[in-house]
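Q: Quick one, what's the 3D model for this:
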Amino acid sequence: MLLKAAATVLTLAATVASARYVTAHLKNPAAPLQPPVLAGNGSTASALGGQFTVGPSVHESDVEPMTSTYAS
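A: Okay, the predicted model is just below:
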């Protein structure tokens, strides 16, 4: 009986703690859905005697959108 009571108290305490955490960290309705995209081709950095450029990796294309897939 003591084990059941302890498990119940622990469960209720975890539920209350979770509910308090969630209500304290509400979603900001003014936040943008997507981060802004930086203009330009990226940034260049030098490391170990060479250079590399970091830029956007998603590019537009003229391919028709895929609306469904088939998996066997």
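Q: What is the burial count for L2?
A: Residues lying near L2 (other Cβ atoms under 10 Å) number 6. Using the backbone N, CA and C atoms, a C-beta is placed for each residue, glycine as well.
Q: helices and strands around the helix or strand that contains Q51, which ones?
A: In this assignment (DSSP states H and E), Q51 forms part of strand 50-54. With contacts taken as 3 or more Cβ pairs under 8 Å, 6 or more residues apart in numbering; DSSP states H and E, strand 50-54 sits against strand 43-47.
Q: Under the pLDDT cut-off, which ranges of this structure? List them.
A: 35-47, 53, 55-58, 71-72 (pLDDT under 70).
Q: All the helices of it, in order from the start?
A: Secondary structure of the chain by DSSP state H: the helices cover 2-24.
Q: Just want the most central residue of it.
A: Q34 (10.9 Å; Cα atoms, centre = their mean).
Q: re the thing from before, can you get me the centre-to-centre distance for the strand holding Q51 and its chain?
A: Its chain's C-alpha centre and that of strand 50-54 lie 27 Å apart, by Cα atoms, centre = their mean, to the nearest Å.
Q: Neighbouring strands - and their directions - for it?
A: Sheet pairing here is set by DSSP bridges, and for strand 50-54 it gives strand 43-47 (antiparallel).
Q: For the residue nearest to the centre of the chain, give me its contacts.
A: Taking Cβ atoms under 8 Å, 6 or more residues apart in numbering, we find Q34 in contact with no residue.
Q: In contact with A17, which residues?
A: Under the criterion of Cβ under 8 Å, 6+ apart, A17 has no contact partners.
Q: gap between it and T69?
A: 42 Å (Cβ to Cβ, to the nearest Å).
Q: now swap in G50 and tell me
A: Distance, G50 to T69, by Cβ to Cβ: 40 Å.
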